[in-house]
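# Build me a model from this:
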Amino acid sequence: MTKLKSRFFTHDAVNEPYWWEDAKPTATLEADLPSHSEVVIIGGGFTGLNAALTLARAGRQVTVLDAEAPGWGASSRNGGMLGPGWATFDTAMAYGADKARAIVTESFQALQHVTDVVGREKIDCDLAVVGYFRGAVTPRAYDAMGAQLERIRKVMPCDAYLVPRAEQHGEIGTDFYHGGLAIPGYAGLHPARYVAGLAQAVKRAGVKIVAGVRVTALEWQSTGFRVSDGKRQIEAKQVLLATNGYTGPLYPFLQRRIIPIRSAIIATEPLPSAVMSQLMPKRRMLAGSQRVVTYFRPSPDGTRILFGGRVLKVTGEDVVETNAAHLRKQMLQVFPELADAGISHYWHGQTGFTFD
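A predicted model of the protein is given here:
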């Protein structure tokens with residue numbers, strides 16, 4: 001954790017996720033790996049831990065390996081926003097209406113899966129269905145949202161609806177947007193608490209999690225796979241790569257299909273409740289319609305605003321200050337009322353995009 005110094009940072013601002021105040025990823029490093037496992041999962045984030053839990057419940061012997069601590073990457077750094085994937089509809093329609101329906105339906109099933117796991121495993125992660133509003137940065141963008149809704153409704157039911165500019169203050173306290181799209185089914189959660197709860201559930205199911213193992217070799221043998229970090233190794237019948245935005249050269253086939261994209265988030269200092277009610281009256285998940293998207297939300301306790309987007313710089317001594325200042329500038333475009341609000345946290349991480 002690094003203390004930050006700049007005119008817009010608070011005196012105690014840190015270069016660390018706001019989420020880590022409640023649930024910083026930690027794990028005891030183990031010197032030895034088991035010699036064998038029926039399944040080895042490389043990557044201990046949302047994907048790897050959910051897969052491990054599913055496999056263990058089905059009676060499989062599973063070992064999870066992570067280069068850091070479980071959840072250290074994107075799973076504890078993201079905005080904690082999840083909901084139906086209407087944005088994928090137009091791309092999916094290139095493959096026909098059945099494919100589009102199937103992909104959007106799967107996004108609803110993903111949200112239901114998270115809800116089911118949180119309930120079954122009793123994970124305290126502030127999961128709440130609060131809805132979503134995506135602001136149109138231009139009148140043309142607003143019209144495009146309406147046109148997409150028409151295309152969707154010709155193929156499948158959709159409960160999303162347009163909010164004209166004259167009514168948008170009921171969704172978000174800004175004049176920056178020209179109306180927008182509201183989606184009732186969106187949810188928010190505390191991602192670091194969720195992934196920590198997943199790790200605990202996985203351990204209860206009998207899965208061995210080994211942290212501090214950066215896998216450097218994956219070899220196929222006649223009896224299965226040999227997985228090694230250069231010093232230690234484990235043999236497995238099956239291997240699942242769950243590295244997403246942190247995928248490296250271990251498996252070139254996967255690396256050629258996933259590009260790491262760096263995203264960053266800032267958190268404001270605690271704000272007066274009247275300000276929060278003015279700017280985020282429904283405490284919804286929020287975003288803008290820019291191609292390089294910005295996304296923002298209230299903290300689960302409703303006291304801060306978390307604002308995220310793409311970074312400007314990835315290296316250099318001033319990378320934190322430059323990226324934080326860039327995000328703050330974008331935040332003030334939406335909420336100029338926050339000009340005097342200090343920034344208490346800055347952090348970034350990598351998410352995975354497909355090359356297309």
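# ranges for the helices of the chain?
With helices called from DSSP state H, the chain shows them at 20-23, 46-57, 89-93, 97-120, 139-153, 191-204, 252-255, 273-279, 319-334.
# Now do stretch 337-345: everything it contacts.
With contact meaning C-beta atoms under 8 Å, 6 or more residues apart in numbering, stretch 337-345 is reached by 4, 8-10, 12-14, 16-18, 173, 265-269, 271, 275, 278-279, 304-305, 324, 328, 331-332. Glycine gets a C-beta too; all of them are placed from N, C-alpha and C.
# Recalculate using a threshold of 6 Å.
For stretch 337-345, contacts defined as C-beta atoms under 6 Å, 6 or more residues apart in numbering pick out 8, 9, 10, 13, 14, 18, 266, 267, 268, 269, 332.
# Pull out the buried members of those residues.
Buried by 16 or more other C-beta atoms under 10 Å: 8, 9, 13, 14, 18, 266, 267, 268, 269, 332, out of these.
# and those residues, which two are the farthest apart?
Greatest spacing in the buried ones among the contacts of stretch 337-345, by C-beta to C-beta: 14 and 332 (21.4 Å).
# about what we covered before: could you say which of the helices of the chain is packed most deeply?
helix 191-204 (a mean of 23; mean count of other C-beta atoms under 10 Å).
# ok, residues contacting it?
19, 23, 49, 52-53, 70-71, 75-76, 78, 80, 121, 123, 125.
# Could you do stretch 81-99 as well?
The contact list for stretch 81-99 (C-beta under 6 Å, 6+ apart) reads 100, 103-104, 107-108, 111, 132, 152, 155, 185-188, 285.
# what sits against residue 75?
45, 46, 195.
# and if you look at residue 251?
residue 241.
# redo that, cut-off 10 Å
By C-beta atoms under 10 Å, 6 or more residues apart in numbering, the contact set of residue 251 is 42, 215, 218, 239, 241, 243.
# which ones are touching the third one?
For residue 218, the contacting residues are 40, 42, 225, 226, 227, 228, 236, 239, 241, 250, 251, by C-beta under 10 Å, 6+ apart.
# which residues does it bridge with?
residue 227 (DSSP bridges).
# Let me have the helices of the chain in CSV, adding mean pLDDT and distance to residue 356 as columns.
Formatted as CSV, those follow (pLDDT from 0 to 100; distance: least, C-beta to C-beta, whole Å):
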stretch, mean pLDDT, distance to residue 356
helix 20-23, 96, 33
helix 46-57, 98, 20
helix 89-93, 93, 9
helix 97-120, 96, 15
helix 139-153, 97, 20
helix 191-204, 97, 27
helix 252-255, 92, 15
helix 273-279, 98, 36
helix 319-334, 95, 27
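# Just send those helices back as CSV, with distance to residue 159 too.
Formatted as CSV, the helices of the chain follow (distance: least, C-beta to C-beta, whole Å):
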stretch, distance to residue 159
helix 20-23, 32
helix 46-57, 26
helix 89-93, 14
helix 97-120, 11
helix 139-153, 10
helix 191-204, 25
helix 252-255, 36
helix 273-279, 25
helix 319-334, 25
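# Tell me which of these lies nearest to residue 293.
Of all the helices of the chain, helix 319-334 comes closest under C-beta to C-beta, at 10.6 Å.
# State the pLDDT value of residue 259.
According to the prediction, residue 259 has pLDDT 91.
# so it makes contact with residue 353?
Yes. Contact criterion C-beta atoms under 10 Å: residue 259 and residue 353 qualify, at 5.0 Å.
# any residues in contact with both of those two?
Listed contacts common to residue 259 and residue 353 are residue 245; contacts here mean C-beta under 10 Å, 6+ apart.
# Would you mind listing where this structure has pLDDT under the threshold?
1-5, 31 (pLDDT under 70).
# Any idea which residue is closest to the centre of it?
The chain has residue 78 as the residue nearest its centroid, 3.6 Å off, counting by C-alpha atoms, centre = their mean.
# that older thread, dump the contacts of residue 75 into JSON lines; add distance to residue 338 as well.
Below are these laid out as JSON lines (distance: C-beta to C-beta, whole Å):
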{"residue": "45", "distance to residue 338": "31"}
{"residue": "46", "distance to residue 338": "30"}
{"residue": "195", "distance to residue 338": "29"}
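# ok, back up a step: quick one, which of the helices of the chain is nearest to residue 64?
helix 46-57 (5.2 Å).
# relative to helix 97-120, how tilted is that closest one?
Counting by axes from the mean of the first three to the mean of the last three C-alpha atoms, to 10 degrees, helix 46-57 lies at 70 degrees to helix 97-120.
# how much space between residue 275 and residue 133?
18 Å (C-beta to C-beta, to the nearest Å).
# what about the strands in the stretch 201-350 of the chain?
208-211, 217-221, 224-228, 233-241, 258-268, 285-288, 295-298, 305-310, 343-354 (DSSP state E, counting those that start in this stretch).
# Need the winner for burial among the ones you listed.
When the strands of the stretch 201-350 of the chain are scored by mean count of other C-beta under 10 Å, the highest mean neighbour count falls to strand 285-288 (a mean of 24).
# what about it, distance to the chain center?
14 Å (C-alpha atoms, centre = their mean, to the nearest Å).
# tell me what it is packed against?
Applying 3 or more C-beta pairs under 10 Å, 6 or more residues apart in numbering; DSSP states H and E, one finds that strand 285-288 contacts strand 81-82, strand 132-135, strand 180-183, strand 295-298, strand 305-310, helix 319-334.
# From residue 228, how far out is the residue lying farthest from the centre of the chain?
Distance from the C-alpha centroid of the chain peaks at residue 222, with 37.9 Å (C-alpha atoms, centre = their mean). Residue 222 sits 17 Å away from residue 228, going by C-beta to C-beta.
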